[in-house]
Every structure is written in structure tokens, then in C-alpha cells.
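# have a look at this prediction, sequence included:
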Amino acid sequence: MRFNLYTLRSMTIPVKRKAFNWLSTLVPVIFLLLFGGVYLYLDLWDILVFTKPLWFILLILTPWFWWQFEAGSSGLYGFRAILAQFVRLAIFAIFVMLLAEPRAVRESKALNVMYVLDVSDSIGTLPVNRASDFIVETASSRPEKDKAGLIIFGKDSAVEYPPRTSELSLAQISSRIRKDNTDIARALSLANAMLPEDENGRIVLISDGTATTGSVNDVLDELSAKKIQVDVLPIQYDFKSEVWLEKLDLPKRIKQGETYEASVLLASLAGGTGKLVLEENGKEIFSKKITYKAGKNRYTLPIYLREPGYYEYAARIIADDSADGWKKNNIAVNSVYIRGKGKILIVRDSFGESKDSEMLNKALNESGFLTETKDAIDFPRDTMSLMPYDCVIFVNVPADIFDPVQLRAVKSAVYNQGIGFLMVGGKNSFGPGGYNRTAIEEILPVDMDITNKKILPKGALAIILHTCEFPDGNKWAKDISIAALKVLGPNDEVGLLAYDYQNGDDWVFPLTPAKEYNKLVKKINNCSPGDMPSFINTMELGLKGLKNSDAAAKHMIIISDGDPQPPSPALIAKYKAAKISISTVLVDGYHQGGFQKVMQAIAKSTRGRFYYPKSPKQLPAIFVKEATTLKRSMIQNKVFTPKIEFNDGALLKDITAFPKLYGYVLTSAKDDPRRCRVILRGPDKDQLDPVLAVGQYGIGKTAAFTSDLSTNWGKDWVQWEKYQPLLKQLMLRISRTAKEGSLRMRTYNAGNYGVIVIEDFSPTPEFLEMAAAVIGPDNKKIDLSLRQEGLRRYTGRFKLWGKGRYEIVAAALGKDREERALGSFVIPYSAEYLRFRSNPIALKEIAERTTGTILKATTKGEDLFPKDRKTIRSSKPIFDIFLMMLVFLIPLDVGVRRIQLDFYAIRSIFSSKKKKDSTETLGALLQRKQKTADSMEDDREAKPFIAPRKKQTTTTVTQRPKHQAQPKTQDPKEARPGANAVSGSTAGRLLAKKRKRDE
Amino acid sequence: MGKIKLHLNTILKCIVLFSAIIAYFGCTQDESRRSELTFSSIKTIHIPPAGNKIPAPRSLTVGKNDNLIVLDDAGRILVFDKQNKLIRQWWMPDYAIGRPEGVCELRDGRVVVTDTHYSRVVIFTPDGKVDKIFGKKGKSGGEIGNPVGVTEASDGTIYICEYGLQDRVQQLTTDGEFIRTFGCSGVGPGEFQRPSGVVVRNNKIYVVDAVNNRIQEFSKQGKFIKSITVEPELYLPYDMKFDKDGNFFIIEYGNNCVTKLAPDGAFIGRFKPKEDGLKTPWGIAVDSKGVIYVADTGNRRIVRLGEEK
């Protein structure tokens, strides 16, 4: 077939096959009217909106669709034809609507109020409590559909409650935020984000208005644009008298044995009297009564330094209560370090045996080292305090005595100051001491877990949490669970049980290997233990889980107020029979020991331990201690002779053989050879069990001796003639090598900034590349470069981020020099305590810019949740509904046109009459066709050929080409019998005619 | 005749087809949907704030004139009238070491409160003044452990149920004189694990045996009659009341629902809406018109369920 314009036109606008009937135009007309009516209804009643209504122009194609149908050869007639057209037009209309992007309209009158409460240090407890009362009182009288939420803020902001219809109860505020600054802008921004776009929103800000950081301009513009009003409830205060200490200056250069003066700068709003006190390392060394004037006052205090060491000084002013509002700003802190001969610090367990470290101490003294012995509870909390020591030794002291700050101080001292560190073994050291995943494990040359192929008996620990009855109970539950999890080995199993209001008594997670640490921590953080009515179900679940475990050591910890129904004696007997011990921890909020006997009885009858801590802060240490009971299998009580794995040369000088040891703790050597070199190994031929290992960490060196150096496991060693020389060589190997540098650092705070000043006292000045690392509060670290400001002077500045200690390590690189300098300073109180007056003007501006109001403490809930409010319209896309309609209509379109139901056959199912052949089935048609063909054959014999009138059927398979005209009645003269020798069938005759035409 | 036959056949076939459709939808309907309790209205009654917190309701009872008396976990007794408006409130004399968990109103209008963590019973006058306090901690008859549920019998005595030191029920006079005790800790017939609610009806004592997930029936002398267990099982029932027709209404702490049983203990249905449902509810009360009040403790509100549909 040749393709030309005529063909194209015929395809797009076909020629009508039958006589045009105006009535047939009713279909598109009615359709368009219906469509218009539906559109108007949806639009006028705000049910739907269309974002691109111009696409409705496509509806002008409706006649074309209708004509395709009308002029086509679908063969449909009657109702079916009309239905087919409507369905087709409906599909077309839906496509057009989809292009116009329909959106469902929603109207809402609900009001969401976000309370934004300032809890920064400048506010104080009493105003916060009053503000909480106000919030609860006003929120409780809101209409049912209105929502209220709460954000608390200081330096950070946190959502305490998102907007919700249920009650707001502020008995316990669970969000943890920094309070040493006030950032109103961030709080308002968060509140803005919490308000839904499709409902009315309002913010109620309760604050003193004294922002110490951030700017509210941008957020107020945004709130104003969104028509969200901010009502303010000012917290007012105006101190008439206040005294505080601004700084404590110490001399830059100090010599041992000389007297110096410390200078204190005191400021006051009004004159008064008080007592000025000076403390050195926590002990008072000087005090005097003073009289001060309004404004700044300077006082000098004498200090006398007797010995080298690190000294921290704190000056305090004790004024009358009437003259002093804030007490927290009555302190100033500074420190000084006098370098002397390096010492070795031996840290022992306060509750352990002194013999653990006696022989070690004696041997080191005999070697010429200065030693100092401290109990672990007196261990310093900052790196600078460790500066006088060349090496720190932990002797069989468990990790739970320290807090993470202390262990981080050791890590920093090793890494940055080059101080040495040695851990000596015992039953409370390494893994059994709970050092898994601590800063100490990071710096040691060995890991606490056994990572080689050795199969150790593993432990299983189940914890039952019933902590919701005491303040922050559920938060503590998470902390202690994670603390216990950290201590366990990778193959030890841990499971958590609690009562959840939806699932009842159940596992938060069943006994799972502790190596899935990250996954388990997530589950712990997501759990919310509820009020448990009975211990029985959880204990039965725990018993079943522990019995099914193949762990060698099985243990349970229950933390509760003891109120749940206690277990029956039969259940306790099952625990005993299964050799599962249960330790109980009673935290009873206000019950004051009412259920102590229950908890004690459970622990006693299963050979566990009972704890009744006075403060929740003791809980993590308890759980660490309990969890480490599972690590006893790491202690190898066996007699062996250590073998040399690597001859270090200097370390093992003149030592070739070793006496027996009577036990050691299993550890794993770190893979990196720079981090770990195993010098002595244990008895196992297949496993490398370190007995003595050394390694590098930062600029410091560390060592691990996994047996002990006392009369316990090391009883043969303490008698050995090489005991003292070996220890001396070991200390020389790992201790800091004292070297006086040329750099002197001075660092202090100036307003909101920290200042670093380094002076180079080297004999030959040269330019130095200098950089510093600052580690400050929250363990945050920043790096900065220092600029040269003079021939030998370098400075740097950084923004402070809160109160606390800032430690600075500076590194200098010259042509042939590499040096370090250390310094620190303390911000003893937040800038919040230097605000003596609230700022109602700032709050008024916030209210005015957002058309809000200034509230009073007597404001009622009806004023915050007024009955009159505007209706908010919003819309959302609803493509899915239209697509579903298409999914229904497209098969319907095909079905209507292509599927012929034989109603006669269907009727006949319900009819008892004899079935008659239907003329509408294919079979019937074929029969008829055959009959006709037969009769025509007979006629042809008798009569000349006359083309039969074409009968319209729905079973036509071939379509006549569109350009072909209706077959004309042939002239009998043209008929040539036998000229087109085809069968007598209609199809054959038609084919013959076509062939002839084409020729 | 042929025509009639035709119609009958057609009609019969239609009936069969229709019945099949109905049976299909009937059978596939969820069991729980068929046994769902519905009420003409569901309304929330707010607990007034106490300082900066909204206390949670624990126990409630309906008194004279269909007043609702509520204990909350701040240590208050709240009285609402039948329009659910708060008309009176007062505090427990002591609440530092714990809050009370059971309340009932005597026929003379006084209010009895079981002061759970103080191991005693406190009786208030109708206007909230302390009328009497009795009880001391102990296991002997007349001594009290941790009392929870309380109810008045027809003879003016009270029954209290206790857990803690022992799981049992005691009958006392309103002056605190000991009459009898029955039950002990255990799972057998007549034994309890945390009996938390008690009701008297037709001279029978019904005890809500929370941890054993059942109701137990006793004679007024304390003789065990039978256990009432339910299919589907109760889970931590905390309290129950009867309506005027003798139906049980049980509050289930563990299932967060209200369960209704027929007077013979047969399960009728549960109220457990999918949206805005109950959360660890502790108490239930039924007034003279069959309106049910639920102490929806976890959600810190009272839910009023109107007449059952």
C-alpha cells in the first residue's frame, strides 16, 4: 500500500461508512456536559483542585475520539456501542485530568501550639517549674482536636513532645541538652519545623529573652511569612546585687621553692563583703575577708610551690546570700606546671590487695625510678594532671572504678604527651576487668577479646528491665544495658526482657551474640520498658532462653523497684537446677525499700548479688561488674614457662630464660606490627597468647603484661634475680624520655574565644609551621593553624563552645626541629551566669514581628486555643486514585468492545426450556453461512453471478481496506463463469475482485 | 404448569445463589469483628493537672447519684458528677512512698481507699475529710500487706484484696476489725497471684486474679466455688464490675481492652478500638444506666463509654 496524504487523512479522519445520523452526536455532547458538571461540582465544593487546568484544552479532541468510533468498523451497535464510546471517552478524560495534576483538598480548623521553654542555666529551677505548670494547665483545657507539643532549649533544642492530642505531662523532662548558652533562634526554627503546614499553628515562647548565641532575624521573617504568631511569656529577673570572679592570673614563670602571687579579678554590681578563698589541687591554702566595691576589684593571694608537679588553683568568693544571686559564677580556675624529674604512677584497686603492687613498686625504686602510688578512685580526670608522670601503670584494677573521662585522659596523655602506659594482669585486668571497648583497649598493644581460633567457654546474660518507676528510669535502662553489652566478648550472648504495653512480657531481643553490637544498641535505644505487673512471665522466658543456650556461664540481672509479683519458689528452684545465678538491683524511686526483701531473696536463693544503689549514677558500674563475671573463662590458672617470641634486644638484655608463671589472662595481639610486638608468649603452641607485648600509640609507648608481678601468679618471678632488671628495662623501653623543649605555651579565654600564644625560646630562631589541636567539653576536637606574629611568637584563636576544660596540643615543625607544647584552661561556668537581667525587649520584638501577644502567668487556655480560628486549606496529589480508575476502565474498554456475552446461553441456565441455537454464537453463524453458501451454489448453477449483499457480522476477521468502495452490483455481462476460478464462498469472491482491482 | 415450574426453578436457583453469597461473607468475617463491643458514644474525661504533670487515673468507682470517684497517681481523690464535671477533690494524707490503688463508696457515702504502699485503709467522709485510718503491715489476720481492690458487702463489711506480703482477700468491718481471710499465693483453685480487684454480687465474692489471668468466685464465707476463665484468654485483668443485668465488665491491663462476659461467664465481646485505643488501663466502673468508665492509665485519661449498642 502506498503511503500518502490521502492515506494519512484516511487514518486520522476516516470516511464514514454509513449514513450520518445527528443523534449519534449526542454521545460526545452528553459526555462533555457530564464532565463539565463533575468538574464544576469538584471545584465548587472544594473537593479537588487542578494545578494545571490548561490541559483541559485537550478536551477539544473529544469529537475526534467520537468520530473514530463513529466512522470505524467496530461492528458495535445499540447500547453496547454507546457504552463503548462512553468508556473510551472516560479514559480520555481521565488522562486529561491526570495531565492537569489533580489534588485533593482538605480543610482543617485544628490548631497546633508548640510551647518552647527556655531551660538554660540563666533561668533557674523555680521559673522552669512555674512555666511547666503554666504549660500543663493551658494545654489541658484545649479542644479535643487541637494539639500541643513542647520543645525545650538552651544551647541546643530538643523536641520533648511533638504536637499531639494526648495529654502533656511534664513530671519528667527526658531530653538532654546543653544549657550553658541560650539560642532562641534555633528553638524557634525547630518549633516552626514541627508545626504542620496543613493546620493552624502557633508558638508560645517562654524565656528570659537573653540569647547568647544565634540570631532570630531570619526565623522571624519565615514565621511571619507563614503567618505563625509567636506569643511570649517573659521570665523576668533583674539582679540588683551580684558578685562574681572574672579570672585568676598566675605568674608565667615559676621556680620551685619561691613565693609568688596569684591575682584574682572580682566584679560586682554593688559593694559588699565576703571571704576570698584559694584552693590548690582541691585543698584550701589561703583565705581572707574582703570588702569590695561596685565594679572591678583586684586582689593578690600568695602561693608557694615546694615541689615539681601540676597544680590546679581555684579561687572562690563566698558572699552573703543577699548580695549574691548566682553562686555558680563565684569561682575562677587556673593551673601551673613545674617540671621536675619524671615519676612513675602506679594505680591500684582501692578494694584490692596491696601486695599486687608492692613488689613492683619496690623493684622500680631499686632501679632508681621515682614512683607514686594512687588508689584508682583518686585518679586524675584530665591530661594535664598526668604531665608529671613518665609512665602510668594499672595493676589489677577493674575498669568500672574509672569513668570514661579518666580513661580518655590516659589515652590523650599517651598519644600527645608521650607518657608510657603498662597494664599488669590479674583477675580484674584486661577483659575480666571490663576494659572492652574502652580508651585503654585502644592504646594497649593487645585486644581484650580472643580473636584467634581458640574456643573459649562463652557466657550468656539475660537482663530484665523494670525501670519506669524512677526518674529517667528508662534512660538509665538504656545506658546500663549498653554498658553491660560493651564488656561482653563477641561470642557471649546477651538478651533483654521487658514489659511492653503492646506486646506484654517479651524479649526486646533474645539471647544474641554480643558481636552484633551495633544492631543490639539500636534495639536498646528504641525500647521503652513499661510497668511490669509480674516477674513470672519474664523470668520464665529468660529461663527458657538461658537453658537453650550452650553457654557455659549463665547469669541474669533484674533491675526493678521490686513491686511486680515475685516468682514462685518452684520457678526459683528451676533457676538453681539450671545453675543460673540472678543478681538483683533495687531502684525504687519513692517506695523507700518497701520491696527490698523480695529482691534480696531472689539474689540470695540463686547465689547472685543484691544491690541497692543510692544514686542511679552507680548503675553502669554495677552492670559492668555483673557482666564481667561472665569473662572468668579468660583467666587461665595454669602453670607455664613463658617463651620468647621476639627478642627485643634492649628489653631482654642479658635475659634468656624465665621462671614459671602460675596464670595469665587471655588477650589477642593487635595485627599491626607497629602497634604490637609480642615479646613473651603463653604455653599454647597453636595460639599466640601474649604474656608481654609492647607497642606504639601516638608518640607514647604502651605495654601489656598479662600475668602478674606479685606473689600470686608471679611468685617465682618476684624471687628471680632478673626481676628488677627486666622491670627497669621495660620502664626504659616505654617511659617518656624527658626532653625540655623550647616552646612555651600560654592559653586562656578572652570573652567567647580561647587564645593560644606560643613563644619559641630556641637559641636559633627559625620559622616554624605550627598547628594546634583543641579538645574541649563533650570531647569535641578542633584543629587550627597558628600564625606567626613576631620573630618568636605564634598565636591562634578559637571560639569556645561551652564551659569545661580545654586542652591544647601544639605541634611545631622547623627545618630540623619537631616539637610539641601543651596547655589548658578551664571555663568554670557558662556565660549564662553573667546575665543579671532578663531581656523583655527582645521578647517584645519577637511578638511584634509575628503579630503575637505578650502573655501573663494568668493567661488561660482558652486564650491560647481560641474558638475563632481560620480554616486552613491544603491539598495533596491523588494520582493513585485516578490510576486505579484507569486500571478498571482500560480492561472494561477492551471487554465492552471485544467480549460478547451470550445472554441467551446465560438465560438458558435458569430456564427449563429446551435450549435453542442462538444466532449470535460463532457456531451458529458458521452454520448459517454454510447453509447460505450451499443455497448460493445451487443458485449459481441456475442464475448468473450476482454479488451477495454483504451482511454485517461481528465475526468478520479481515477488514476491507478503507479506500475500497462498496462492492457494486455487477453487470451480469461482466460475469464470466470460470474467469476467476474461486470457490463459491463470499470471501473468495471478494478476494477475486480485489485482485482484479489491484491488477 | 410449565410456566409455574419455570418460575419455581428460577426462584430456587436464585435463592441458592443468594444464600451462597451471604454464607461466604458471613464465614469470612473476622472472628474478632463479630465479637467487638460497640458503644453509642466514646468520650474522654480529662484529669486535671497537678502542678506540671497530668496524673494518671488508677482506680475508679461509681457512687451515689452516679458520681464518679477516681484515684490518680498524684495521690488525689477526684469526684466528678454525672455530667462528668469535677466537683470535688482532695489529697491522701500521705503519699510520699506510694499512691493508693483501690477505692469504693460505702452506702453511707463515705469513701474507702486502700492505701497500698502504707499497708492501711483510709476512710474519708463524703466531703473528703479523714474519718478513719486502720491497718498495719503484717501477715496475720487484720494486718495488711499491699491492699488493692476494695468493695462493700451487703452487710456493711468490706472485702480487700492484697498482694506483696501475701496474696489473699480479707473481710473486715469498717472499723478495721478482722472477720476472715481466704486465699493464698499460688495458681490452684482458691489461690491467687496478685488479686487486684474484688466485687460482691448476690452474696458471692468475685476476685480478679490478675497474674493467673482469671476471675475466681467464692461464697461470702470465702469458700471457693469456681474459676472463670475466658476464651480468648484474659491477659492481666486488673479490675471488674457488674452491670444491673449481671454481666461482667473486666478491664484487662495486658490486652488494653474491656471484656464483657455474660452472667454465666460466657464471653460476649471486647472493646479494643484500633485507633485511639486504651493503654495499660487499670480500673473500670459501671453506673446505674450502664455507662462504663475506664481508668485509661497509660493515656492519663478516663474514657466514658456510652450505652452499649
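Structure's in. What do you need? Residues are numbered from 1 along each chain as shown, chains lettered A, B, ... in the order given.
# who's in contact with A:Phe595?
By CB atoms under 8 Å, 6 or more residues apart in numbering or on different chains, A:Phe595 lies in contact with A:561-563, A:586, A:588, B:164. (Each C-beta comes from the backbone N, C-alpha and C, glycine too.)
# one more time with 7 Å
Residues near A:Phe595 by CB atoms under 7 Å, 6 or more residues apart in numbering or on different chains: A:561-563, A:588.
# now A:Asn491: how far from A:Asp686?
Distance, A:Asn491 to A:Asp686, using CB to CB, to the nearest Å: 18 Å.
# compare those two and say which is more crowded by neighbours.
Per other CB atoms under 10 Å in any protein chain shown, whichever of A:Asn491 and A:Asp686 has more neighbours is A:Asn491, with 16 against 8.
# look at the residue lying closest to A:Gln236 once chain neighbours are set aside and report its pLDDT.
Leaving out its chain neighbours, the residue that sits closest to A:Gln236 by CB to CB, 6 or more residues apart in numbering or on different chains is A:Ser838, at 5.0 Å. Listed pLDDT for A:Ser838 reads 91.
# what's the neighbour count on A:Ser838?
Residues lying near A:Ser838 (other CB under 10 Å) number 21.
# low-confidence ranges, the stretch 501-650 of chain A, go.
A:589-590 (pLDDT under 70).
# can you pull out the strands in it?
For the stretch 501-650 of chain A, the strands defined by DSSP state E, counting those that start in this stretch occupy A:504-513, A:553-560, A:581-586, A:610-611, A:635-636, A:643-644.
# redo the ones you listed as CSV? Include distance to A:Leu23.
Formatted as CSV, these follow (distance: least, CB to CB, whole Å):
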stretch, distance to A:Leu23
strand A:504-513, 71
strand A:553-560, 85
strand A:581-586, 90
strand A:610-611, 94
strand A:635-636, 101
strand A:643-644, 109
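# for these, which one sits closest to A:Arg995?
Closest of the strands of the stretch 501-650 of chain A to A:Arg995 is strand A:504-513, at 81.9 Å (criterion: CB to CB).
# tell me the helix or strand right after the helix or strand encompassing A:Glu789.
Using DSSP states H and E, A:Glu789 sits in strand A:787-790. Per DSSP H and E, strand A:787-790 leads on to strand A:793-799 as the next helix or strand towards the C-terminus.
# and that following strand, C-alpha only, in PDB?
What follows is strand A:793-799, C-alpha atoms only, in PDB (Å, rounded to 0.1, in the frame of the first residue of the first chain):
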ATOM      1  CA  ARG A 793      55.700  34.400  68.800                       C
ATOM      2  CA  TYR A 794      52.800  32.500  67.300                       C
ATOM      3  CA  THR A 795      49.100  32.900  68.100                       C
ATOM      4  CA  GLY A 796      45.800  31.400  67.400                       C
ATOM      5  CA  ARG A 797      42.100  31.900  68.400                       C
ATOM      6  CA  PHE A 798      39.200  29.600  68.500                       C
ATOM      7  CA  LYS A 799      35.500  30.000  69.500                       C
END
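# could you look up the SS state of the spatially most central residue of chain B?
For chain B, the residue nearest the mean C-alpha position is B:Met240 (2.6 Å; CA atoms, centre = their mean). Following DSSP: H, G, I helix; E, B strand; the rest coil, the label given to B:Met240 is strand.
# quick one: residues contacting it.
B:197, B:199, B:206, B:208, B:215, B:248-250, B:284.
# and the helix or strand encompassing A:Leu276, which residues are buried?
For A:Leu276, the host element (DSSP H and E) is strand A:272-280. Buried positions in strand A:272-280, judged by neighbour count with 16 or more other CB atoms under 10 Å in any protein chain shown: A:272, A:274, A:276-280.
# could you export that strand as PDB, CA atoms only?
Presented in PDB, the C-alpha positions along strand A:272-280 are these (Å, rounded to 0.1, in the frame of the first residue of the first chain):
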ATOM      1  CA  GLY A 272      29.700  44.300  99.800                       C
ATOM      2  CA  THR A 273      31.900  42.000 101.900                       C
ATOM      3  CA  GLY A 274      32.800  38.400 101.700                       C
ATOM      4  CA  LYS A 275      35.500  35.800 102.100                       C
ATOM      5  CA  LEU A 276      38.000  35.100  99.300                       C
ATOM      6  CA  VAL A 277      39.400  31.500  99.300                       C
ATOM      7  CA  LEU A 278      42.200  29.900  97.300                       C
ATOM      8  CA  GLU A 279      42.400  26.200  96.800                       C
ATOM      9  CA  GLU A 280      45.400  24.200  95.500                       C
END
